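1. Sequence and computational prediction follow.
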Amino acid sequence: MEKAETRIDLLKLIRYLIKRAWIMIICAMIGFGAFYMYTVSMKTDTYTAYGTMYVYNGNPNLINYQYTSSNDLNSAVQLLDTYMVVVKSAKVMDVVADRLAPQYPGITPEFISSTLSMGSVSGTGVLRVNCTTTNAQMSSDICNAVLDTAPQEIIRVVNAGNIEIIDYAFPPLMPDSRRPVRKGIFGALAGIALSGALLLFLFLMNHRISSVKDLTDNFTQPVLASIRRSRTDSKDPGTFLISDSARMEVLDRYAKLRMNLLYSLAARDKRAVVITSAIAGEGKSTVAANLAISCAMGGKRVLLVDGDMRRARQQEIFKYAKDQPGLSEALIGDCEWRKALVQTEWERLMVLPAGKFPPNPAELLSIHQMSVLLETMQEEFDLVLLDMPPINIVPDPLSVSAQVAGCLLVTRQEFSDVQDIQKALSAAKMTGMDVLGFVFYGERLNEDSLYSRKNYSEYYHKYDYRSSAKDGQKAELAKKG
């Protein structure tokens, strides 16, 4: 019924992200603008002063000969982390605060600690002390106070090595660079990352069917045909009906569905087929009507039964009276079913309306009279198609499981959900309803052939015999004129 493995299709993910790249672009623009404006709008400039100290082992023999071994350098670098902890210790901060208190009343050790940052210079034994405040002179004074105070405490605590001041700090002449463009780029990257993560989450949570491949990857039932849904703003269901003047592509797709359906029925003793879907709104009534028309155009005597006695749609498609008696009256004996048939403009196609909506459709479809009715219909028609409600909503389609050859499950692109389809297949299996296959119904169909996309339309334009006939008639009239 369904395949055990479900793997992420990387190509599908890439296409999904490319189609929604505009979202990431907008998020990048918002991120860039937000970080850029925040940086530019900062009212307070900061000033960073720095000084450097050199850490060494203090080996007098090596120092006297002005020579430092690699072992001494490695030892000094390893001690840097310890020195940085000691520099920002409470004892050092207290001494620095007391020293600066006359010049900067109210200065605290906590404030001094928050202004300091340290690090080695290019992986050497040189320790750089940075101080950042909103006052250039204060930054240099704090930095120099730390440089004067820290070495003695470091030597006392570590009891190894030595420190020598290399450069004292000077008040910076210019404020720190805000670099709004660089920060804007960082904001743009952050926007792209966040939007990309969100899109990935939505992709993983999205179980809707977007292509025929989604059906073949998730289920074992065949896809009998993919039908292109007409793009129209009209709310009239009749605009979706095919005719002799319809596009060749549409006619051929329904012809393919017709042939595949008839082939699947060849080895069966029943010729009644339910057309249904997992949920409402997937286009089952339109597909049922056009499949019936296609079969009639192919020479079959077809009866289309509107078996949806809750929300009949065929009356809107074929434009017959809403109070037309039909299936419900035939089942309760109020009307002979043949007298309720509606003749369509296609000679071999007749429609049996749903009739008045009964209070108990599922129970009515389960009575013995329905079985007798279907047997009689199959004797008089080559094919009986029953347009019935969605399986997951009501049990009506399952009520006739034993009287039909099976069902076609209509799935709509970017609308049908894998989990809903799985639920429908499980329900059909429980009642013995044979799912003959899927009908993929959507506006954007990906053809895996030479005639895909623009070539596909060009193919039909070249090989449409009706266009050739019209061109011939025009040429003949032009000669006569």
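-> Ah, there it is. Numbering: from 1, shown residues only.
2. and L257, what does it touch?
-> Listed by CB atoms under 8 Å, 6 or more residues apart in numbering, the contact set of L257 reads L224, A225, I227, L291, S294, V439. The C-beta positions use only the backbone N, C-alpha and C, and glycine is treated the same way.
3. Identify those among these that sit within strands.
-> Under the assignment DSSP state E, these contribute L224, A225, I227, V439 to strands.
4. Surely the third one touches D252?
-> No - using CB atoms under 8 Å, I227 makes no contact with D252, being 10.6 Å away.
5. out of the two, which sits in the more crowded spot?
-> Each of I227 and D252 has its neighbours counted (other CB atoms under 10 Å); I227 has more, 24 against 13.
6. bridging residues for that one?
-> I227 has these beta-bridge partners by DSSP bridges: Y441.
7. May I have the helix or strand hosting G437 as CSV, with CA atoms only?
-> In this assignment (DSSP states H and E), G437 forms part of strand 435-442. Coordinates of the C-alpha atoms in strand 435-442 are reproduced here as CSV (Å, rounded to 0.1, in the frame of the first residue of the first chain):
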residue,chain,number,x,y,z
VAL,A,435,-7.4,1.3,-5.3
LEU,A,436,-6.8,1.0,-9.1
GLY,A,437,-4.5,4.0,-9.1
PHE,A,438,-4.0,7.7,-8.6
VAL,A,439,-4.9,10.7,-10.8
PHE,A,440,-2.5,13.5,-10.3
TYR,A,441,-4.4,16.8,-10.8
GLY,A,442,-2.5,20.1,-10.9
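8. hmm, who's touching that strand?
-> Counting by CB under 8 Å, 6+ apart, 209, 211-212, 215, 219, 221-229, 257, 260-261, 264-265, 273, 282-283, 286-287, 405-414, 425, 428 sit against strand 435-442.
9. Kindly provide the distance from the residue nearest to A97 when sequence neighbours are not counted to V158.
-> Closest residue to A97 apart from its sequence neighbours, by CB to CB, 6 or more residues apart in numbering: P109 at 4.7 Å. Note on P109: its distance to V158, by CB to CB, to the nearest Å, is 21 Å.
10. of these two, who's got more company?
-> Between P109 and V158, counted using other CB under 10 Å, the more crowded position is P109 (18 against 15).
11. what residue lies at the spatial centre of this protein?
-> F203 (3.4 Å; CA atoms, centre = their mean).
12. From the chain's centroid, how far away is stretch 186-199?
-> 16 Å (CA atoms, centre = their mean, to the nearest Å).
13. So Y104: helix, strand or coil?
-> When classified by DSSP: H, G, I helix; E, B strand; the rest coil, Y104 comes out as coil.
14. Is the residue nearest to the centre of the chain within a helix or a strand, and which one?
-> helix 180-205.
15. How far does that helix sit from its chain's centre?
-> How far helix 180-205 lies from its chain's middle: 16 Å, per CA atoms, centre = their mean.
16. before we move on, what about stretch 225-232?
-> Stretch 225-232 has its C-alpha centroid displaced from the chain centroid by 22 Å (CA atoms, centre = their mean).
17. got a list of contacts for that stretch?
-> Stretch 225-232 has contacts (CB under 8 Å, 6+ apart) with 212, 239-240, 249-250, 253-254, 256-257, 260, 283, 287, 290, 412-413, 439-443, 445.
18. Swap in 6 Å and give it another go.
-> By CB atoms under 6 Å, 6 or more residues apart in numbering, the list of residues contacting stretch 225-232 from outside reads V212, T239, F240, R253, K256, L257, V439, F440, Y441, G442, E443, L445.
19. repeat for stretch 336-343
-> With CB under 6 Å, 6+ apart, stretch 336-343 has contacts from Y320, P325, G326, A330, M350, V351, L352.
20. where's that stretch relative to the chain centroid, distance-wise?
-> Stretch 336-343 has its C-alpha centroid displaced from the chain centroid by 48 Å (CA atoms, centre = their mean).
21. I'd like to know the average pLDDT value across it.
-> Per-residue pLDDT over stretch 336-343 has a mean of 89.
22. got the buried residues for it?
-> Across stretch 336-343, burial judged by 16 or more other CB atoms under 10 Å covers W337, A340, L341, V342.
23. Quick check: bridge partners of A49?
-> Here A49, judged by DSSP bridges, has bridge partners C131.
24. okay, it: pLDDT?
-> 94.
25. what do you get for L262?
-> Here, the pLDDT recorded for L262 equals 91.
26. Now name the helix or strand holding it.
-> helix 248-265.
27. Now find how far off-centre that helix is within its chain.
-> In terms of CA atoms, centre = their mean, the centre of helix 248-265 is set 31 Å apart from its chain centre.
28. what's the next secondary structure element after it?
-> Using DSSP H and E, the next helix or strand after helix 248-265 towards the C-terminus is strand 272-277.
29. what's the angle from that next one to strand 435-442?
-> Strand 272-277 and strand 435-442 are oriented at 40 degrees to each other (axes from the mean of the first three to the mean of the last three CA atoms, to 10 degrees).
30. and strand 272-277, which strands flank it?
-> strand 383-387 (parallel), strand 406-412 (parallel).
31. after the last one, next one along is what?
-> Scanning the chain past strand 406-412 towards its C-terminal end, the next helix or strand to appear is helix 418-431 (assignment: DSSP H and E).
32. mind checking pLDDT for N218?
-> In this model, N218 carries a pLDDT of 82.
33. i'd like the first residue to be 39 from this point on
-> Yep, numbering from 39; the last one is N256 now.
34. re earlier: show me the contacts of stretch 374-381 that map onto helices.
-> Among the contacts of stretch 374-381, the ones falling in helices (DSSP state H) are A368.
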